[in-house]
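**Q** Sharing a model prediction with you, sequence too.
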Amino acid sequence: MTDYTGFTEIAVTSDGMVFTVEMRRPPHNFFDSELIAEIGQAFERLDSDPACRAIVLAAQGRSFCAGADFAKRMDTGTVQESARSGAGRHLYKEAIRLFRTAKPIIGAVHGAAVGGGLGLALVPDFRVTCAEARFSANFNRLGFHPGFGLTVTLPRLVGAQQAALLFYTGRRIAGDEAVRIGLADVLVPQAEVRGAAQALALEIAQSAPLAVLATRETVRRGLIDAVEAATERELVEQDWLRRTEDFQEGIKAMGERRLPNFQGR
């Protein structure tokens, strides 16, 4: 029997053929390399566990994942250290592990999926959400470049034009709008998000497992290579943008809950 103990940032539970990986950093589940690494470890163990046929990725708290906690890093003076390309490279290396998972994944997005948190929400094959959820690729509003492979995964779901609109504006869209444009797949009341995600996972798990794995590999062929190449490009752009005055202003404005006053430098 596969061991799912020893995690500190997540928990793994099972109900028959469906296993749930729950992030446990409430209220907002801000991520870092440690959290992403634990999710990756859990996914790898689930891949090798014959009892598991489908995975649900869920979260405690108000948000699904609000991305990186830049505001806190500004307060502690660690934003430059945390944003440097070496740290980003390590984070994205862990993120690519998630995309290498062979078994189907359902995201239970009950709250905000923002920035890198949106990138995490796009790792699963499908997303179950609610009207109260908020989806945002807010990087440009922070003076930053999108990351976590979003320059590949977001256009793949919603098309290049809609993805560009979401990137350039950084706007937040609700769960019903996310379903309308193809960013999410199922809309239910907020209290039912996790249950509906598990029900969809069970429906998939009831199909022939070898056929599901083979079909998924074909459908997603080329995705991992594309994400890996995209994260390299994203890191290059993030590395110089993090040194701009606009990035500092964007983070400061976010912490002060006001519109940023960008100067283009």
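**A** Done, it's in. Residues are numbered from 1 along each chain as shown.

**Q** From now on I want contacts and neighbour counts done on CA atoms only, so please keep to that.
**A** OK.

**Q** Is it correct that A230 is in contact with L154?
**A** No: with contact defined as CA atoms under 8 Å, A230 does not reach L154; the gap is 11.8 Å.

**Q** neighbour-wise, which of these two wins?
**A** L154 (22 against 18; other CA atoms under 10 Å).

**Q** The helix ranked longest in the chain: which residues count as buried?
**A** Longest helix in the chain by number of residues (criterion: DSSP state H): helix 223-241. Residues of helix 223-241 classed as buried by neighbour count (16 or more other CA atoms under 10 Å): 223-224, 227-228, 230-232, 234-235, 237-239, 241.

**Q** Among the residues you listed, which pair sits farthest apart?
**A** L223 and L241 (26.2 Å; CA to CA).

**Q** related to what we said a few turns ago, can you redo the buried residues of helix 223-241 as JSON lines with pLDDT and distance to Q198?
**A** Below are these laid out as JSON lines (pLDDT from 0 to 100; distance: CA to CA, whole Å):
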{"residue": "L223", "pLDDT": "96", "distance to Q198": "25"}
{"residue": "I224", "pLDDT": "96", "distance to Q198": "25"}
{"residue": "V227", "pLDDT": "96", "distance to Q198": "27"}
{"residue": "E228", "pLDDT": "96", "distance to Q198": "29"}
{"residue": "A230", "pLDDT": "96", "distance to Q198": "31"}
{"residue": "T231", "pLDDT": "95", "distance to Q198": "30"}
{"residue": "E232", "pLDDT": "94", "distance to Q198": "34"}
{"residue": "E234", "pLDDT": "95", "distance to Q198": "33"}
{"residue": "L235", "pLDDT": "94", "distance to Q198": "34"}
{"residue": "E237", "pLDDT": "96", "distance to Q198": "38"}
{"residue": "Q238", "pLDDT": "95", "distance to Q198": "36"}
{"residue": "D239", "pLDDT": "95", "distance to Q198": "39"}
{"residue": "L241", "pLDDT": "96", "distance to Q198": "40"}
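
**Q** could you dump those to CSV with distance to E38?
**A** Below are the buried residues of helix 223-241 laid out as CSV (distance: CA to CA, whole Å):
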residue, distance to E38
L223, 22
I224, 19
V227, 20
E228, 19
A230, 23
T231, 20
E232, 22
E234, 23
L235, 22
E237, 27
Q238, 24
D239, 25
L241, 29
